[in-house]
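**Q** Any chance you can model this:
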Amino acid sequence: MPDSDTEKDSTDSIQSVDSSQDSTVEKAALPNVARNSGRGIAVLGLVVAVMGVVLSAYTFYVTQVGGRFELGLELGRVDGISRQLDKVVLKNESLESSLDEARSKSLEIQDKTRSQISAVESELGLRIKTFSDQQSQESQQQRKELDAVAGALAEMSSRIVTAEQEWQLNEIGYLLELAHQRLTLTGDINLAQKALLIADDRLSGFVSPEILEIRRSISDDLKKINKLLVSDFSATAIDLSTLIHKIAGLPLKGDNARPSWENVQLEESSEPDTIAAEKSDQNNLLAWVEEIFGDVSRLIQIRRVDQTQLPKLESSQRFLAYENLRLQLLAGQLALLRRDQEVFEASIQQSRAWLIAYFEEPDAAVMSFDRRLVEISEIKFAWEVPSISKTLDLMREEIKRREQRL
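**A** Purely as a prediction, here's the structure:
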């Protein structure tokens with residue numbers, strides 16, 4: 001900093017000298033120019049030379065002073081930088097010392113941490129080992145309990161399956177019993193066929209030699225039933241129902257035999273206007289006498305009957321005649337549905353005998369009714385009912401065997 005002050009003082013002195021010289025030269029030049037213009041060029045040259053010298057000196061001075069000034073500035077900067085470097089070095093030394101202390105502390109902390117971790121690891125290892133041993137014991141105990149529960153469930157499941165199979169076998173046995181009863185008592189092959197098919201389908205879920213033998217017997221029974229010739233019983237039953245509804249329109253014997261006086265009365269009643277006109281012309285008293293005489297004469301008539309005729313039935317007897325024929329046909333219809341050939345034929349024969357005995361035989365409706373009864377009586381539907389007792393016995397033996405095994 002002292003160097004910079006000296007440089008400033010020298011620069012100020014040089015500038016003052018230069019200014020004084022310039023002022024002196026200018027003062028000397030002005031009179032010379034005024035006195036002699038010839039000397040102007042020489043003076044001008046001298047002035048220029050002096051100015052060049054002064055400028056050169058000034059330039060040299062400025063260069064030297066500026067260089068020194070810049071050098072001083074650079075030296076000041078270097079000095080500041082060196083001081084800052086010293087400060088940084090001091091800070092680095094303090095930082096290194098603090099880092100050494102921190103490093104030593106971290107090493108101590110690491111050692112303590114390692115010791116604590118090793119202690120925790122050892123303790124944790126012991127606890128894990130204890131827990132694993134306890135867990136293994138508990139898992140073994142749970143496995144034993146699960147095995148016991150699984151065994152109990154398996155036993156229960158087997159019992160449930162066995163009970164379900166027993167129930168299904170009893171149900172199948174009931175179906176076979178029903179089919180056997182229907183075949184034996186009523187000859188109902190349709191129901192027996194359906195029962196056998198259902199039983200075979202239910203037995204398809206069982207696997208055993210005894211069940212296979214039962215299914216084989218059911219198959220043989222189905223083949224026997226399918227070979228039976230079945231007539232169209234529904235059409236015949238419908239025909240009998242139609243005849244039963246026609247019974248009320250059939251005339252009984254004596255219904256078509258009308259006396260001749262009824263015909264005469266009908267003929268006279270057809271001309272009331274003519275008789276009334278004739279009577280109006282006669283005397284009222286004479287007309288009244290003739291009317292009474294005519295009525296009395298028509299009360300008693302004699303007619304000749306060549307054949308013996310049954311008297312007309314009373315209302316109760318007519319009802320019994322119709323209902324007896326209806327009941328005979330209903331009995332025949334029921335025998336048809338039950339496939340009872342003997343009862344069916346007897347009912348049709350009794351119906352024909354009753355029709356001939358009590359109904360007007362020459363009537364067209366009665367004749368048509370009788371012809372249809374003859375056609376129906378010719379139907380033959382008797383057959384030898386197959387027996388499924390073998391299948392039923394096999395099923396009973398299988399059910400009994402399973403019950404004994406339990």
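**Q** tell me the helices in the stretch 1-150 of the chain, going along the chain?
**A** Here the stretch 1-150 of the chain has its helices, by DSSP state H, counting those that start in this stretch, at 2-35, 39-185.
**Q** how about those helices, which one is nearest Tyr322?
**A** With C-beta to C-beta as the criterion, Tyr322 lies closest to helix 39-185 of those, at 32.2 Å. In this view, the C-beta of every residue, glycine as well, is placed from N, C-alpha and C.
**Q** what comes into contact with the helix or strand hosting Ile214?
**A** Ile214 is located in helix 209-226, with elements delineated by DSSP states H and E. Helix 209-226 is contacted from outside by 189, 192-193, 196-197, 199-200, 203-204, 386, 388, 390-391, 394-395, 397-398, 401, using C-beta atoms under 8 Å, 6 or more residues apart in numbering.
**Q** now the residues you listed: which count as buried?
**A** Buried members of the contacts of helix 209-226, scored by 16 or more other C-beta atoms under 10 Å, are 189, 192-193, 196, 199-200, 203, 386, 388, 391, 394-395, 398.
**Q** Break this structure down into its structural domains.
**A** 2-114, 149-228+388-405, 230-256+315-382 (automatic domain parsing).
**Q** Pull out the CA atoms of whichever helix or strand comes after the helix holding Ile214 and give them to me as PDB.
**A** Per DSSP H and E, the first helix or strand lying C-terminal to helix 209-226 is helix 233-246. Only the C-alpha atoms of helix 233-246 are listed here, as PDB (Å, rounded to 0.1, in the frame of the first residue of the first chain):
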ATOM      1  CA  PHE A 233    -106.400 -99.800 -25.100                       C
ATOM      2  CA  SER A 234    -106.800 -96.100 -24.900                       C
ATOM      3  CA  ALA A 235    -108.900 -96.100 -28.200                       C
ATOM      4  CA  THR A 236    -111.100 -98.900 -26.900                       C
ATOM      5  CA  ALA A 237    -111.600 -97.100 -23.600                       C
ATOM      6  CA  ILE A 238    -112.600 -94.000 -25.400                       C
ATOM      7  CA  ASP A 239    -115.100 -96.000 -27.500                       C
ATOM      8  CA  LEU A 240    -116.700 -97.400 -24.300                       C
ATOM      9  CA  SER A 241    -116.900 -93.900 -22.900                       C
ATOM     10  CA  THR A 242    -118.700 -92.800 -26.100                       C
ATOM     11  CA  LEU A 243    -121.200 -95.700 -25.800                       C
ATOM     12  CA  ILE A 244    -121.800 -94.800 -22.100                       C
ATOM     13  CA  HIS A 245    -122.800 -91.200 -23.100                       C
ATOM     14  CA  LYS A 246    -125.100 -92.600 -25.800                       C
END
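**Q** circling back to that earlier point, could I get the domains of the chain as JSON lines with distance to Thr130?
**A** JSON lines is the format used below for the domains of the chain (distance: least, C-beta to C-beta, whole Å):
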{"stretch": "domain 2-114", "distance to Thr130": "24"}
{"stretch": "domain 149-228+388-405", "distance to Thr130": "28"}
{"stretch": "domain 230-256+315-382", "distance to Thr130": "85"}
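**Q** Least confident of those, on average?
**A** Among the domains of the chain, domain 2-114 carries the lowest mean pLDDT, a mean of 69.
**Q** so Ile399 makes contact with Gly173?
**A** Yes - using C-beta atoms under 8 Å, Ile399 is in contact with Gly173, at 5.8 Å.
**Q** I'd guess Glu342 is in a helix, am I close?
**A** Yes - when DSSP: H, G, I helix; E, B strand; the rest coil is applied, Glu342 is found to be in a helix.
**Q** Any idea how many residues pack against it?
**A** For Glu342, the count of nearby residues is 9 (other C-beta atoms under 10 Å).
**Q** just Ser241 next, same as before
**A** 13.
**Q** nearest residue to it other than its sequence neighbours?
**A** In space, and not counting its chain neighbours, Ser241 is closest to Gln333: 7.0 Å by C-beta to C-beta, 6 or more residues apart in numbering.
**Q** Flag every buried residue along stretch 44-62.
**A** Residues Val47 are the ones in stretch 44-62 that count as buried (16+ other C-beta under 10 Å).
**Q** Quick one: work out the angle between the helix or strand where Leu327 lies and helix 233-246.
**A** Per DSSP H and E: Leu327 is located in helix 315-337. If you take axes from the mean of the first three to the mean of the last three C-alpha atoms, to 10 degrees, helix 315-337 sits at 180 degrees to helix 233-246.
**Q** what's next to helix 315-337, contact-wise?
**A** 233, 236-237, 240-241, 243-244, 247-248, 250, 252, 313, 341, 343-344, 347-348, 350-351, 354-355, 358-359, 376, 381.
**Q** how about 7 Å then?
**A** The contact list for helix 315-337 (C-beta atoms under 7 Å, 6 or more residues apart in numbering) reads 233, 236-237, 240-241, 243-244, 247-248, 252, 313, 343-344, 347-348, 350-351, 354-355, 358.
**Q** in that helix, what counts as buried?
**A** Applying 16+ other C-beta under 10 Å to helix 315-337 flags Ala321, Tyr322, Leu325, Arg326, Gln328, Leu329, Ala331, Gly332, Gln333, Ala335, Leu336, Leu337 as buried.
**Q** Now do the fourth one against Leu71, distance only.
**A** Think Arg326. 158 Å (C-beta to C-beta, to the nearest Å).
**Q** What of the third one?
**A** Relative to Leu71, Leu325 is positioned 163 Å away (C-beta to C-beta).
**Q** give me every residue that touches Ala248.
**A** Per C-beta under 7 Å, 6+ apart, neighbours of Ala248: Tyr322.
**Q** Check what pLDDT Leu310 gets.
**A** For Leu310, the pLDDT comes out at 52.
**Q** circling back: let me know the closest of the buried ones among the contacts of helix 209-226 to Ser115.
**A** Leu203 (80.1 Å).
**Q** Would you mind measuring from the closest one to Asp393?
**A** 15 Å.
**Q** Against Gly80, how distant is Glu93?
**A** 20 Å.
**Q** next one: Gly249
**A** 150 Å.
**Q** could the buried ones among the contacts of helix 209-226 be laid out in JSON lines, adding distance to Tyr58?
**A** Listed next are the buried ones among the contacts of helix 209-226 as JSON lines, based on distance: C-beta to C-beta, whole Å:
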{"residue": "Ile189", "distance to Tyr58": "153"}
{"residue": "Ala192", "distance to Tyr58": "151"}
{"residue": "Gln193", "distance to Tyr58": "147"}
{"residue": "Leu196", "distance to Tyr58": "146"}
{"residue": "Ala199", "distance to Tyr58": "143"}
{"residue": "Asp200", "distance to Tyr58": "141"}
{"residue": "Leu203", "distance to Tyr58": "139"}
{"residue": "Pro386", "distance to Tyr58": "156"}
{"residue": "Ile388", "distance to Tyr58": "152"}
{"residue": "Thr391", "distance to Tyr58": "150"}
{"residue": "Leu394", "distance to Tyr58": "149"}
{"residue": "Met395", "distance to Tyr58": "147"}
{"residue": "Glu398", "distance to Tyr58": "145"}
